[in-house]
Structure formats: C-alpha cells, structure tokens
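> need coordinates for the following:
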Amino acid sequence: NAIAVAMAMGCSTNAIIHLVAISRRANLAVTLDDFDTASRHIGVIANIRPSGDRYLMEDFFYAGGMPAMMNVMRDKLDLSALTVNGKTVVENITGAEVFNDDVIRPLDKPIYAEGALAVLRGNLAPDGVVIKPSAVAPHLLQHTGRALVFDDYPSLKASVDDPDLDVTGDDILVLRNAGPKGAGMPEWGMLPIPTKLLKQGVTDMLRLSDARMSGTSYGGCLLHCSPEAFVGGPLALVKTGDRITVDVPGRTIHLDVSDEELAARRAAWTPPPARYERGYGWMFGRHILQAHEGCDFDFLETQFGAPVPEPVIY
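Next comes the predicted model:
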C-alpha cells in the first residue's frame, strides 16, 4: 500500500530508502524491483509540484488530501490492511471525497502514465540507480552524453560558476563519494546546472550521483547509484569524457567503456582512507548499508539477531 500510494502521489525518491529500511527491520523486505514494478501500472494522479506544474501540497489538502486520493485508487490497495489508528484502510478512506479533480485526478487521467520513480541498472549501477521521470525533461529520458566528473561537492560548487567551464547541455554531470559511507548520503543529488548553461537557456540536464535529493527537487537527476563510489562501485571508475547512455523506458544505464578498460581502471583504483577512526563516525562507517538496502545500520535488521526485550523495571 505504501509503495502504491507513493507512486500515485509522485513521491520523493527518499521514499525508497525509508520503505526499504522499514521493511527490512520488519523482516518483510521489499526491494527496488517492487517500486519499479508498481511504477509500471500506477500512474501519478496527484497533480502537484514537482511532477505537476501548477498546484502545491496546500492545494492537495483542500482537494481532499490523502484519504481522497486513496479512495480514488482503492482498487490498487489492500483495503483490509490494519493501520496505525486501529482501523483498516477501507474504514479510513470510505466516503473521502475529491473536491478538485484537476488536483487529484481519476486513475484514467493521470498527469504521468507511469509511477513517480524508475529504477535503472547496468554496468554503472549493478544494484540500481533511481530517477523521478515525471519530473524530468522528456528529451532526457533516452540520452547519451559525455561525463563531467567531480570527486566531491566542493569541487563541483567551485566549477559550476566558471564561465569557461567545458560543459554543454548534452553532458552528464557526475558527483561521486557522496553516498552512505562516502559522505553520509546528504541531499546533494540535485546538482546545480552550471551558470554558463543557465545563461544559454538550459533548464534541465542529466546529473548522476550516489547522493540523494529533496522530494521537492526536480530535473534529470539519477540518484542513489549503488554500490557507491567510496566502496569501489563502478561510479568510482568513471572519467571525464566517458560516454554514458541512459534509457529510462528501458530501465538501463550504461558506461560506454569496454570491460577490459574497466578492469584496468579497477586494478589501478585505490580505496580512499576511512573517514573516521573512532567514535560514532567509525561505527557508522562499519555498519551503514548501501542505498538499495535502505541505508540503515546492519545491526538493526531483523536477521542480525534476536529481538531486544523491553528493559526490566523493578
């Protein structure tokens, strides 16, 4: 139900991380494939930004809010599921009314025919990279471009305002070492479009990273690239000038470099030093999971050990 509603809502890419982590703690693990499967048959019916281009969350609330949207899509839900208030889904949504059917659309009039998220895989992201296609310029959904690589966020920020930066709107900006172990996976994923291109009228371009981004962000951002560069994921092997092919309908992302060349780069790659040698950061680095696994601590997952009982109180 959570995945279905997220797809219809035009949800944040962060929904993937949260729901995967929650499910793994509950020993009901969902995977990226569950999101991609749902996205294929549940369209975006919440016409709000950034998937929509007119309405805001306040408008969604006054149009009937979440109960109304769930009532519209009730055929996509398990109505018997118990919820946190002790009632079933059907008890919570029965009678909920849509007051503006341009904000909350019928299922047969979505603003985007497929769901909010797509999961791509390939030699650059064996464990997946996610994108929000409903918020991407259509011409970028199938695109090949030259990689412009940055090893850290300060390097990126220092370059984007350079009027002489060697970049075009067809290029693909790449930021790495911004994943769970590399940087704590901050919301750096909406890489800024270089000022030079903004002045030329470029409003969107493909941007790839192992970071995440805010749910209110938009554009051609490929996020959560897994495994991350810091642990030696293929993202660590990309060089400026390489060609990257992205096919959102085909759900693929490919670094157009031969296997032999990638093997040579892998052999020459040197792991970065650990970010922390003690304290919380040390524990975080040793136990945090990759993006496709929910970015949770491994010791909080169900299979790590027996449940912890409530403390004894005397």
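> low pLDDT regions in the stretch 51-200 of the chain?
Applying pLDDT under 70 to the stretch 51-200 of the chain flags no residue at all.
> now do the strands in it.
118-122, 125-131, 142-150, 172-175 (DSSP state E, counting those that start in this stretch).
> deepest-packed of the ones you listed, please.
Mean neighbour counts were taken over the strands of the stretch 51-200 of the chain using mean count of other CB atoms under 10 Å, and the top value, a mean of 26, falls to strand 172-175. C-beta: built from backbone N, CA, C; applies to glycine.
> show me what that one is packed up against.
Contacts defined by 3 or more CB pairs under 8 Å, 6 or more residues apart in numbering; DSSP states H and E place strand 172-175 against strand 142-150, helix 153-160, strand 207-209, strand 243-247.
> can you list the strands that it pairs with?
strand 142-150 (parallel), strand 207-209 (parallel) (DSSP bridges).
> next, count neighbours for the residue lying closest to residue 26 once chain neighbours are set aside.
Distances taken as CB to CB, 6 or more residues apart in numbering put residue 302 closest to residue 26, at 6.8 Å, once the chain neighbours are dropped. Residues lying near residue 302 (other CB atoms under 10 Å) number 14.
> isn't residue 302 right up against residue 25?
Yes: counting by CB atoms under 8 Å, residue 302 touches residue 25, with 6.2 Å between them.
> where do the helices of the protein begin and end?
If DSSP state H is used as the criterion, the helices of the chain fall at 2-9, 14-25, 32-41, 57-62, 65-72, 89-93, 153-160, 180-183, 195-199, 259-268, 279-287.
> hey, what's the angle from the longest one to helix 2-9? Just curious.
Yep, that's helix 14-25 we're talking about. 170 degrees (axes from the mean of the first three to the mean of the last three CA atoms, to 10 degrees).
> contacting residues around helix 14-25?
Defining contact as CB atoms under 8 Å, 6 or more residues apart in numbering, one finds that helix 14-25 is touched by 2-3, 6, 29-32, 35, 117, 130, 212, 214-215, 224, 291-296, 300-302.
> filter those to the buried ones?
Neighbour counting by 16 or more other CB atoms under 10 Å classes 2-3, 6, 29-32, 35, 117, 130, 212, 215, 224, 291-296, 301 among the contacts of helix 14-25 as buried.
> so how many other residues sit close to the nearest residue to residue 69 once chain neighbours are set aside?
Counting by CB to CB, 6+ apart, residue 69 lies nearest to residue 104, which is 5.1 Å off, once chain neighbours are set aside. By other CB under 10 Å, 28 other residues sit near residue 104.
> who's in contact with residue 104?
45-47, 60, 63-64, 68-69, 72, 98.
> who does it bridge with?
If you apply DSSP bridges, the partners that residue 104 bridges to are residue 46.
> any idea how far residue 117 is from it?
Residue 104 is 19 Å from residue 117, where distance means CB to CB, to the nearest Å.
> repeat for residue 6
8 Å.
> and the strands paired with strand 172-175: which comes nearest residue 238?
strand 142-150 (5.4 Å; CB to CB).
> could you dump the helices and strands packed on strand 172-175 to TSV with distance to residue 108?
As requested, the helices and strands packed on strand 172-175 are exported to TSV (distance: least, CB to CB, whole Å):
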stretch	distance to residue 108
strand 142-150	26
helix 153-160	42
strand 207-209	33
strand 243-247	27
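> out of these, which gets nearest to residue 270?
The nearest among the helices and strands packed on strand 172-175, by CB to CB, is strand 142-150 at 16.2 Å.
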